[in-house]
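# what would the 3D arrangement of this be:
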Amino acid sequence: MARRHWTLLILGDDHAPVRQFTLSRELIRIGIGGVLLVAAVLISLATSFFVRESQRHRAAKLAEENALLIAEVQTIRDQMATLEETLNELSDRDEKFRLIAGLEPISEDVRLAGIGGPGTATLTASALYRTSPETGELAFSTAYDLNGMLRRARLLAESWREATDELEAAYERLEATPSILPAQGYLSSGFNRARWHPILNRARPHEGIDIAAPHGTPIHAAAKGRVTFAGRNGDYGLMVEIDHGHGYVTRYAHASRIVVRKGEMVERWQKIAEVGSTGLSVGPHLHYEVLHNGRPTDPRNFLYDTSRIRD
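Purely as a prediction, here's the structure:
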């Protein structure tokens, strides 16, 4: 069988001879293969060059980012130092605040708010530390210190809430505690378990104090509370009763006029009635009682300034 071949004619100028080349199929195949091989080698070299350049550029960028990250973390650590000083100042204030609120100070061990034990993150377990020990150690120590500050801040916030709640409760108790003289006048009769009654002419308990004052003298609420009774009540005459909460109840008897209604909320020093001589009474005066948890108590025990009562 005849071998196939290709004839290549090259035509030049008008006077140039025609050149003829005869190429076999095998030679053409070898030529094409060689061209493809050279092209493949060139492409491989170009690809390798561009990959190396890309990796070099990426490494340079990562190095720059790493340097910027370290600088940023160091800036954060500088700010954390200021935060640490602020937390120390707040801790000192918190201790004073708790003392004012009547609470026990938080122990130093609790204030440190330390952590540890199983499950606690460690430096060697950090993926960043395994990749870059210097950067990993810096990041780990920063995160550790920051977590400690966050725990201290939460502890202080909880302590301040506790102290605030206690102070608010104490303020409410003070508001509910009868602490003022309801009317200006003279102490005509004190608290007594067996006082001789001038009208009944026999001894019986006098579960309050009598304040002699001119007819119409204002009577004020001794503390904040709700009026539970306002009207006539037998021997008490015209009487006002106020429930102050926290077990305190006050009574104001023998009034000539009442200016509040049952269910009304009143404040300390608010006028609730006027001195009179209604009920079992021999003259204008205020009969004032304080009950604590249902038991009559000497009102003078609750007055801040007993010198205001003139004997």
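
# gap between L291 and D165?
Using C-beta to C-beta, to the nearest Å, L291 is found at 27 Å from D165. The C-beta positions use only the backbone N, C-alpha and C, and glycine is treated the same way.

# so the two - more neighbours on which side?
L291 (18 against 12; other C-beta atoms under 10 Å).

# what bridges to that one?
Following DSSP bridges, L291 is listed with bridge partners V249, P296.

# find me the pLDDT at P198, would you?
Note on P198: pLDDT of 60.

# and the helices in the chain, which stretches?
Ranges of helices in the chain, per DSSP state H, are 25-100, 108-112, 127-131, 133-176.

# between those helices, which one is closest to P284.
Among these, helix 133-176 comes nearest to P284, with 29.0 Å by C-beta to C-beta.

# ok, P182 touching H287?
No. P182 lies out of contact with H287 (C-beta atoms under 8 Å); the separation is 10.3 Å.

# worst mean pLDDT among the helices of the chain?
Out of the helices of the chain, helix 127-131 stands lowest, with a mean of 59 (criterion: mean pLDDT).

# sorry, back to before: and for P182 and H287, which residues touch both?
Y252 (C-beta atoms under 8 Å, 6 or more residues apart in numbering).

# wait, doesn't K271 sit right on H220?
Yes. The criterion here is C-beta under 8 Å, and K271 meets it with H220 at 5.8 Å.

# neighbour-wise, which of the two wins?
For K271 versus H220, neighbours defined as other C-beta under 10 Å are more numerous around H220 (18 against 13).

# contacting residues for the more buried one?
I180, P182, A183, R268, W269, Q270, K271, I272.

# mind giving me the PyMOL command for buried ones among the residues you listed?
Entered in PyMOL, the line below selects the buried ones among those, by 16 or more other C-beta atoms under 10 Å:
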select buried, resi 180+182+183+268+272
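
# closest one to G276 among the helices of the chain?
Of those, the one closest to G276 (C-beta to C-beta) turns out to be helix 133-176, at 26.9 Å.

# chain center to that closest one, what's the gap?
In terms of C-alpha atoms, centre = their mean, to the nearest Å, the centre of helix 133-176 is set 9 Å apart from its chain centre.

# again with stretch 78-89
Here stretch 78-89 is found 19 Å from its chain centre; the criterion is C-alpha atoms, centre = their mean.

# for it, buried residues please.
Those would be M80, L83, L87, for stretch 78-89 by 16+ other C-beta under 10 Å.

# let's have these in JSON lines, adding distance to Q55.
Shown next, in JSON lines, are the buried residues of stretch 78-89 (distance: C-beta to C-beta, whole Å):
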{"residue": "M80", "distance to Q55": "36"}
{"residue": "L83", "distance to Q55": "41"}
{"residue": "L87", "distance to Q55": "46"}
